[in-house]
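1. Fold the following and give me the result.
(chains A, B, C and D, ligands or ions: 2)
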Amino acid sequence: MSSYTPHIEGTHVFDTQMSNRGRALNKMLYSLKDPQNREQFSADEAAYCDKYLLTDEQKQAVLDRDWKKMTDIGASIFYVIKLAAIDKKSMQDLGGVFTGMTTEEFKAELKAGGRKFG
Amino acid sequence: MSSYTPHIEGTHVFDTQMSNRGRALNKMLYSLKDPQNREQFSADEAAYCDKYLLTDEQKQAVLDRDWKKMTDIGASIFYVIKLAAIDKKSMQDLGGVFTGMTTEEFKAELKAGGRKFG
Amino acid sequence: MAEIIWGLATSHVPSIGAAMDGKKTEDELWKPLFDGYGPAREWMAQHTPDVAVVVYNDHANALGLEMIPTFSIGTADHYDVADEGYGPRQVPDVVGAPDLSEHVLVNLVDEGFDMTVLQELDVDHGLTVPLSVYTPEPGDAWPCKVVPILVNVLQYPQPTAQRCLQLGEALGRAIRSFPKDIKVAVFGTGGMSHQLSGERAGLINQEFDRNFLEKIETDPQSLAEISRADYIKEAGSEGIEMIMWLIMRGALGDNIRRIHDTYHVPASNTAAALALFATDAVAEEGSEEAAA
Amino acid sequence: MAEIIWGLATSHVPSIGAAMDGKKTEDELWKPLFDGYGPAREWMAQHTPDVAVVVYNDHANALGLEMIPTFSIGTADHYDVADEGYGPRQVPDVVGAPDLSEHVLVNLVDEGFDMTVLQELDVDHGLTVPLSVYTPEPGDAWPCKVVPILVNVLQYPQPTAQRCLQLGEALGRAIRSFPKDIKVAVFGTGGMSHQLSGERAGLINQEFDRNFLEKIETDPQSLAEISRADYIKEAGSEGIEMIMWLIMRGALGDNIRRIHDTYHVPASNTAAALALFATDAVAEEGSEEAAA
Ligand SMILES: [Fe+3]
Ligand SMILES: [Fe+3]
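-> Ligands and ions are numbered 1, 2, ... in the order given. Modelled structure (predicted):
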């Protein structure tokens, strides 16, 4: 019996299908580890997305900083973080977005011992 | 018992040590799979070698087309072939060089059933 | 469920592709080799797979030396033909089978094979020449989809021959558990004896090759027990490619029969061979199963 | 022969490094965590290894998604510190131990582990934060050489926990057979429970973590039997990193003793822990061996 990607409510499980789907987007985000690329991106985000052949949906999610959308359409969270870094957003800021809380609310839940499920 | 790289007379066994040693050289040779790089290389071979940070020994072997030397100092034969392609040299031309024969002599030995050892 | 219908062992020397691309297959030097392919090609044309799993190695066309995986598998839906220094071969791009790739990947990792996943891959002569051996005139498209499986044969330590045979056995189990009714062929490529550089360049060991060609059918375990050092010593530094045939062989299972083989020296600097095996999923011609 | 003297399990959250780099270790939020490191750091400072084998994962800083190896090993003599988007951490570059890397590589491949060889590698927080946990003030150079071993924990299918434990056992055998009298420490990094994206972001499962922290010493086999799906479900999509602790644990052997541990919530979005184990190569303080 093989163990295909498990489906767990409220959890992204990044697999080869997601990776294929998010290919151009992840490649663009990965490129932001290079400081020159970060400058180029910031100078003209749309043109930079076009250079990496992003689909319209991928590009719009980037321009809108729609963090949830990006992870829904195949961006790996570790790639998304590179864009958050440019915006000086913390992991707690993103956590707030993903869970529909303010950053402060999200931080408070972590400080209180983290969020519990199941 | 581990099986470290075997030493077999008259044979290169390309391993991680050779790979480390030939790193810049192999990287330069690998780049020649790109047609634009092939043009750049042909336009100024020495400058191209410098761009890839080749050691003096590596660079000299490339400029001299010292095929044997290249394979002795860490170039993988599959990387060397990319340079031979630029020179329109065949695998039999290189075989002649490695064995101290003319290309025709080397081809004749292959046609006669190949070279026998041991 | 999917079934494996045949396995093809074949050399993948670039010059075999070049001879076909340059219409030299009738030349004195090449004719014996291509004549030898004939009966296998005819049989395969009667037994066409939906997907070919092609076990091969890259030759510095897609993978640099920064990162050398022992075993890798392509999961893409499309593979471009690599430019190997002369511009890409004028053959169709390769269409992937990502669903089978994923199924095989998950099963192999579950069984403890530490695969590297390639989401992008330009395929070189190691893959396209065997496809041409199968289908010399593909027209606009190859007749089947492809799952590429790549093996490190370039940098020591290569996987052991035993590990290759084991990977093949697991690959066979994985393919056969794929829940779609498709027919799969498995290609084992590379070899036979050859050495490209060093003073032993031009080495051909017909005795070793002939034994390998026989035992790959009848006693693959004996070939799996040959050490890497002995492959290199007997078959040449590049002849060790033959370990990839063992992956194909492992996938076919115990009950196979030889449809055809051929052996030829030289193709470029190497001894070249082809060996075609049908599995028990294919009825023997004239047998009751065939009539059924 | 080489010996393994201790194993350190530790989270590798970037913010732990950032807290040290930014001199915030006395801040209310961070003090409990760093206070918890104290006793382990003191003990390790008394028992210094020549080489650290650091098991970690890259976080999109060295490996793109084009090529995802299950297990890889660095064989270089030098590893630069990666720029993770803010410029590289201001810590020393990492000096490799290519002789031990090669020895381990050959032994692992001989045993049927299908390693990917990394000749070049920029190391990210996954490796440098654990080095900082060991040595907060390295000055101009880290106190030991490093062999990096990388694990795919980012893309499904990750290796099974069982396979990780087996790799660790083979790694232990490989290190101990290295024919030089050196002392080696093994780092297992990552964890504990956390999930970065999705509606379950912020997940912490203290019960799962506490059990893991205990069993990693006393019953690693029970942790090896947990499925990937259960790691993700119980410990979060990024909590599955904990499988890397099992590689360290496997390398230590059967006779170990716990020197110290600490558990803290939260470090950034994760539960963080440290657990330090001495092997039987290190005499117990006050024991006869120690006096000898
Ligand atoms: Fe080949
Ligand atoms: Fe991590």
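2. How is chain A divided into domains?
-> For chain A, automatic domain parsing gives the domain ranges A:16-87, A:89-118.
3. gap between the last one and the chain center?
-> The offset between the C-alpha centroid of domain A:89-118 and the centroid of the whole chain comes to 16 Å, using Cα atoms, centre = their mean, to the nearest Å.
4. do the same with the first one
-> Mean-position distance between domain A:16-87 and its chain equals 8 Å (Cα atoms, centre = their mean).
5. Share the number of residues neighbouring residue 112, please.
-> I went with chain A, as the question did not name one. Neighbour count of A:Ala112, defined by other Cβ atoms under 10 Å in any protein chain shown: 11. C-beta here means a position set from N, CA and C on the backbone, and glycine is covered the same way.
6. The intended chain is chain C.
-> Residue neighbour count, defined by other Cβ under 10 Å, stands at 18 for C:Gly112.
7. ok so it is a strand residue?
-> No: per DSSP: H, G, I helix; E, B strand; the rest coil, C:Gly112 lies outside any strand segment and is coil.
8. Isn't it up against D:Gln166?
-> Yes: using Cβ atoms under 8 Å, C:Gly112 is in contact with D:Gln166, at 7.2 Å.
9. circling back: out of the domains of chain A, which comes closest to C:Ile216?
-> Checking these against C:Ile216 by Cβ to Cβ gives domain A:16-87 as the closest, at 31.6 Å.
10. Contacts (any at all) between chain D and that closest one?
-> Yes: using Cβ under 8 Å from any Cβ of the partner chain, domain A:16-87 reaches chain D at A:16, A:19, A:23, A:26-27, A:29-30, A:32-35, A:38, A:71, A:76-82, A:85-86.
11. For A:Ala43, the count of nearby residues, please.
-> 9.
12. C:Thr48 now?
-> Counted with other Cβ under 10 Å, residues neighbouring C:Thr48 total 14.
13. avg pLDDT for the longest strand anywhere in chain C?
-> Scanning chain C for the strand with the most residues, using DSSP state E, yields strand C:256-267. Mean per-residue pLDDT for strand C:256-267: 96.
14. Phi first, then psi, for residue 73.
-> Let's take chain A. phi -100, psi 20 (degrees, to the nearest 10).
15. try chain C instead
-> Note on C:Ile73: backbone dihedrals following degrees, to the nearest 10 are phi -140, psi 130.
16. now do A:Gly95
-> phi -60, psi -40.
17. now do C:Ala9
-> Per degrees, to the nearest 10, the backbone of C:Ala9 is at phi -100, psi 130.
18. Would you map the helices across chain A?
-> Here chain A has its helices, by DSSP state H, at A:16-21, A:23-31, A:35-43, A:45-51, A:56-63, A:67-72, A:77-86, A:91-99, A:103-111.
19. Show me what counts as buried in the fifth one.
-> Same thing as helix A:56-63. By neighbour count with 16 or more other Cβ atoms under 10 Å in any protein chain shown, helix A:56-63 contains the buried residues A:58-59, A:61-62.
20. Counting by contacts, list what it packs against.
-> Using 3 or more Cβ pairs under 8 Å, 6 or more residues apart in numbering or on different chains; DSSP states H and E as the contact test, the elements touching helix A:56-63 are helix A:23-31, helix A:45-51, helix A:67-72.
21. So which bits of the second one are buried?
-> Meaning helix A:45-51. A:48-49.
22. Report pLDDT for C:Gly286.
-> As predicted, C:Gly286 sits at a pLDDT of 64.
23. list the contacts for the closest residue to A:Val97 other than its chain neighbours?
-> Nearest non-adjacent residue to A:Val97, counting by Cβ to Cβ, 6 or more residues apart in numbering or on different chains: A:Trp67, 5.0 Å away. The contact partners of A:Trp67, taken as Cβ atoms under 8 Å, 6 or more residues apart in numbering or on different chains, are A:80, A:84, A:94, A:97-98.
24. ok, now A:Ser42?
-> By Cβ under 8 Å, 6+ apart, A:Ser42 lies in contact with A:Ile86.
25. pLDDT below threshold where in the stretch 101-250 of chain C?
-> Of all residues in the stretch 101-250 of chain C, none has pLDDT under 70.
26. Enumerate the residues of it near chain B.
-> Counting by Cβ under 8 Å from any Cβ, the residues of the stretch 101-250 of chain C close to chain B are C:154-157, C:193, C:195-206, C:227-229, C:232-234, C:236-238.
27. From A:Ile73, how far out is the residue most central in space within chain A?
-> By Cα atoms, centre = their mean, the mean C-alpha position of chain A lies nearest to A:Val80, the distance being 3.1 Å. A:Val80 sits 11 Å away from A:Ile73, going by Cβ to Cβ, to the nearest Å.
28. Tell me which helix or strand C:Val95 sits in.
-> strand C:94-95 (DSSP states H and E).
29. and A:Ala85, how many neighbours does it have?
-> 16.
30. those helices in the stretch 1-150 of chain C, which residues are they?
-> According to DSSP state H, counting those that start in this stretch, the stretch 1-150 of chain C carries its helices in the segments C:14-21, C:31-46, C:98-110, C:125-134.
31. And C:Phe277, its phi and psi?
-> Torsion angles, degrees, to the nearest 10, at C:Phe277: phi -130, psi 130.
32. Go ahead and confirm it touches C:Leu252.
-> Yes: using Cβ under 8 Å as the test, C:Phe277 is close enough to C:Leu252 to be in contact (6.0 Å).
33. Which elements pack onto the longest strand of chain C?
-> Packed against strand C:256-267 by the contact rule (3+ Cβ pairs under 8 Å, 6+ apart) you find helix B:103-111, helix C:31-46, helix C:206-218, strand C:270-279.
34. The longest one - what's its average pLDDT?
-> The average of the pLDDT scores along helix C:31-46 is 96.
35. related to what we said a few turns ago, settle it for me: which of C:Phe277 and C:Leu252 has more neighbours?
-> C:Leu252 (26 against 22).
36. Check the contacts of A:Trp67 against chain B and report the nearest one.
-> Checking these against chain B by Cβ to the nearest Cβ gives A:Val80 as the nearest, at 30.6 Å.
37. and the closest one, how far is that from C:Arg210?
-> Distance from A:Val80 to C:Arg210, by Cβ to Cβ: 57 Å.
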